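S.K.: Build me a model:
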Amino acid sequence: MTTLFYISLILAPMALLFTAFLAIKNKAQGRNVKKPLKVNLAVFAVLAVLISVLCINAFADNGETASSPEAAATETDQTADDNSKGLGLLAAGLVTGLAGIGGGIAVAAGAPAAIAATAENPKSFGKSIIFVALGESIALYGVVISILILNKF
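M.R.: Modelled structure (predicted):
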C-alpha cells in the first residue's frame, strides 16, 4: 500500500503539470483554454482524494499485533484517540478553509460596491464599511470555531 502512495505522490504533480502544459499550449495556439483547465481541476480533485485515502490507509495501520487482551484494549483506545484527534484537526482545517473562502467571496462582492457607493456619495462610507466588515466576520467565525475544536484536544 505504501508503494502505491509514493507512486501517487510522484504521479500527481506530473499529471497536474501535464494538464497545465496542455492549457498553455492551447492558449499559444489560440484555442479554447477552458477545457484543459476543467480537466486540470478534475485531475487535481481526483488526485487529492486518492492521496488522502492512500495516506490514511498507509499510515493508519502500523502492522503490529498485541499479544495480550489488555494490550489489545490499550492499543485500541490509543488508536481511537489518535483517530479522533486526526479528525478534529481535519475538521478545524476544513472550518477555517471554507470560512476563509466564504469570507473572501463576500468581501470580493461587497468591497467594490462599497467603493462605488462611497465614490458617488462620501456620506455612505459608514454604511458601506459595515457590509464589508460583515463579510470579513464570516472568516473570523470560522477561526473561532476551529480554535474551539482545537481546544477539545
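S.K.: Low-confidence regions, this structure specifically.
M.R.: 1-9, 50-83 (pLDDT under 70).
S.K.: redo that, cut-off 50
M.R.: 65-66 (pLDDT under 50).
S.K.: Can you show me the helices along this protein?
M.R.: Applying DSSP state H to the chain gives helices spanning 2-28, 34-60, 69-120, 125-151.
S.K.: want to throw those into a markdown table with mean neighbour count?
M.R.: (C-beta placed from N, C-alpha, C; glycine too.) Below are the helices of the chain laid out as a markdown table (neighbours: other CB atoms under 10 Å):
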| stretch | mean neighbour count |
| --- | --- |
| helix 2-28 | 13 |
| helix 34-60 | 14 |
| helix 69-120 | 14 |
| helix 125-151 | 15 |
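S.K.: Show me how the record splits this structure into domains.
M.R.: Per automatic domain parsing, the structural domains of the chain span 1-61, 88-153.
S.K.: what's the offset of the last one from the middle of its chain?
M.R.: Using CA atoms, centre = their mean, to the nearest Å, the distance from the centre of domain 88-153 to the centre of the chain it belongs to is 17 Å.
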